[in-house]
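J.: My questions concern the predicted model and sequence given below.
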Amino acid sequence: MIVNKIKNLRPVFLTTVVIPTLLAALYFGLLASDVYISESRFIVRSPDKPAPTGFGVLLKGASLAGAGEEIYAAQDYVASRDALQALNKDGAFTRAYGTTAVSFFDRFNAGGFHPTFEDLYKYYEKKVSVAHDTTSSIVTLTVRAFTPRDAQHFNEQLLEMAEATVNKLNDRGRQDLIRFASREVDDAKAKSQAAALALSAYRNQAGVVDPEKQATVQIQMISKLQDELIATRTQLLELRAFAPQNPQVEVLVTRARGLSGEIDEQLGLVAGSQKSLSSRAAQYQRLALESQFADKQLASAMTSLEEARNEARRKQAYVERIVQPNLPDDALEPRRLRGIISTFILGIVAWGVISMLIAGVLEHKD
């Protein structure tokens with residue numbers, strides 16, 4: 001009786017509705033494997049980065065903010081080939097999704113061929129998904145597997161990889177920040193040492209410690225000699241006026257001549273020749289200025305290094321788990337009844353459209 005009714009159905013209805021619905025019922029009812037979904041949620045926090053709107057405002061109130069760059073880095077890594085390669089270490093992922101316990105239509109490499117890594121990655125993209133809510137900065141990691149344990153296990157592994165990615169970025173950022181500051185300190189130390197050595201070498205070569213201070217001492221000495229010379233000449237004038245035959249006249253003349261020569265010699269040491277203190281002062285001041293400038297650069301670089309270390313501590317970003325990877329106790333997919341009904345409805349729609357087209361063609365032909 002049923003066979004006769006099926007025979008009486010129009011071929012179009014049979015093709016678009018009956019057969020697809022029967023195949024859907026066969027697949028969803030008998031062939032499709034149960035799919036278990038494990039879900040976890042996490043957020044990447046950083047103490048000093050600006051927080052977004054929404055949930056991030058609450059985090060900002062606690063002096064913690066979402067670290068946007070690290071979030072996207074963790075998200076991209078979980079969805080990358082590197083994550084799959086780490087997840088499939090010793091073939092763990094391939095064994096879990098390629099076992100014969102899984103339906104032929106659902107398992108990986110059901111045909112028994114030699115699949116490439118790209119084939120595995122395409123399959124991986126269908127089983128692992130990462131969603132980032134930009135409002136709350138919460139990342140949701142979802143893993144689909146054919147056993148509850150596999151779903152939870154792979155979700156936990158991927159979550160640990162995300163944490164390791166954030167930690168690696170943190171370490172690299174801190175190391176780069178401190179390394180650049182340390183390099184500046186090393187360069188400043190080298191310049192300061194070179195400037196100090198150049199100044200010391202010039203002092204040894206020129207035989208001076210500080211031309212300005214030495215010139216001050218020399219000028220004071222010349223001033224005393226000039227005072228003594230004036231006193232001698234005054235005494236000499238008095239003797240020549242009142243006692244020109246006094247034997248002290250010659251003594252005072254000789255003394256005045258000696259004081260005058262000594263004054264000229266001391267003036268020559270201060271200025272007037274290439275070996276004078278004044279000519280040496282210009283080179284000395286240039287070297288001293290370079291040494292002072294190098295010392296200031298070194299002090300500034302050391303301050304920058306300390307600030308870089310403090311900044312590196314403040315830039316610490318970390319993953320905080322909001323929802324741990326759950327162990328599913330029921331298969332949420334496939335949605336068998338909905339799949340069958342959807343196939344039936346789509347078949348009805350296709351049958352109606354095709355029937356109308358055929359009726360229009362036949363009417364036009366008549």
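T.: All right, it came through fine.

J.: Mind naming the longest helix for the protein?
T.: Longest helix in the chain, counting residues (DSSP state H): helix 148-206.

J.: In stretch 141-151, which residues are buried?
T.: 141-148, 150-151 (16 or more other Cβ atoms under 10 Å). (C-beta placed from N, C-alpha, C; glycine too.)

J.: quick one: the strands in the stretch 201-350 of the chain?
T.: Ranges of strands within the stretch 201-350 of the chain are 318-323, based on DSSP state E, counting those that start in this stretch.

J.: That one: helices as residue ranges?
T.: Assigned by DSSP state H, counting those that start in this stretch, the stretch 201-350 of the chain shows helices spanning 211-242, 248-270, 277-314, 336-365.

J.: List of residues touching stretch 348-366?
T.: 12-13, 16-17 (Cβ atoms under 8 Å, 6 or more residues apart in numbering).

J.: Show me where the stretch 1-150 of the chain dips below the pLDDT cut-off.
T.: Along the stretch 1-150 of the chain, segments meeting pLDDT under 70 span 1-9, 28-32, 46-68, 110-112.

J.: Can you show me the helices along it?
T.: Using DSSP H, counting those that start in this stretch, helices in the stretch 1-150 of the chain cover 2-8, 11-13, 19-26, 55-61, 68-78, 81-87, 92-98, 117-127, 148-206.

J.: Could you save the ones you listed as CSV and add columns showing distance to residue 245?
T.: Shown next, in CSV, are those (distance: least, Cβ to Cβ, whole Å):
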stretch, distance to residue 245
helix 2-8, 166
helix 11-13, 159
helix 19-26, 150
helix 55-61, 106
helix 68-78, 105
helix 81-87, 115
helix 92-98, 126
helix 117-127, 124
helix 148-206, 51
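
J.: Please identify which of those helices is closest to residue 301.
T.: For residue 301, the closest of those is helix 148-206, at 4.1 Å, according to Cβ to Cβ.

J.: Mind giving me the packing neighbours of that closest one?
T.: Judged by 3 or more Cβ pairs under 8 Å, 6 or more residues apart in numbering; DSSP states H and E, helix 148-206 is in contact with strand 36-46, helix 68-78, helix 81-87, helix 92-98, strand 138-145, helix 277-314, strand 318-323.

J.: tilt between that helix and helix 117-127?
T.: Helix 148-206 and helix 117-127 are oriented at 110 degrees to each other (axes from the mean of the first three to the mean of the last three Cα atoms, to 10 degrees).

J.: What count of nearby residues applies to residue 23?
T.: Residues near residue 23, counting by other Cβ atoms under 10 Å, number 13.

J.: any idea how far the nearest residue to it once chain neighbours are set aside is from residue 350?
T.: The spatially closest residue to residue 23, leaving aside those adjacent along the chain, is residue 343, at 7.9 Å (Cβ to Cβ, 6 or more residues apart in numbering). As judged by Cβ to Cβ, to the nearest Å, residue 343 and residue 350 stand 10 Å apart.

J.: returning to that earlier point: got TSV for the contacts of stretch 348-366, with distance to residue 92 and neighbour count too?
T.: Shown next, in TSV, are the contacts of stretch 348-366 (distance: Cβ to Cβ, whole Å; neighbours: other Cβ atoms under 10 Å):
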residue	distance to residue 92	neighbour count
12	49	15
13	48	17
16	43	21
17	43	22
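
J.: any idea which of those residues is the one closest to residue 246?
T.: Relative to residue 246, the closest of the contacts of stretch 348-366 is residue 16; by Cβ to Cβ it sits at 150.4 Å.

J.: ok, now which ones touch the closest residue to residue 184 other than its chain neighbours?
T.: Nearest non-adjacent residue to residue 184, counting by Cβ to Cβ, 6+ apart: residue 301, 4.5 Å away. If a contact means Cβ under 8 Å, 6+ apart, then residue 301 has 181, 184-185, 187-188 as its contacts.

J.: mind checking pLDDT for residue 301?
T.: With respect to pLDDT, residue 301 scores 80.

J.: Please apply the same query to residue 356.
T.: Residue 356 is assigned a pLDDT of 82 by the prediction.

J.: burial count for it?
T.: Neighbour tally, residue 356, other Cβ under 10 Å: 10.

J.: how does this structure divide up, domain by domain?
T.: With domains defined by automatic domain parsing, the chain comprises 1-32+344-357, 34-179+314-343, 190-311.

J.: most tightly surrounded among those?
T.: domain 34-179+314-343 (a mean of 16; mean count of other Cβ atoms under 10 Å).
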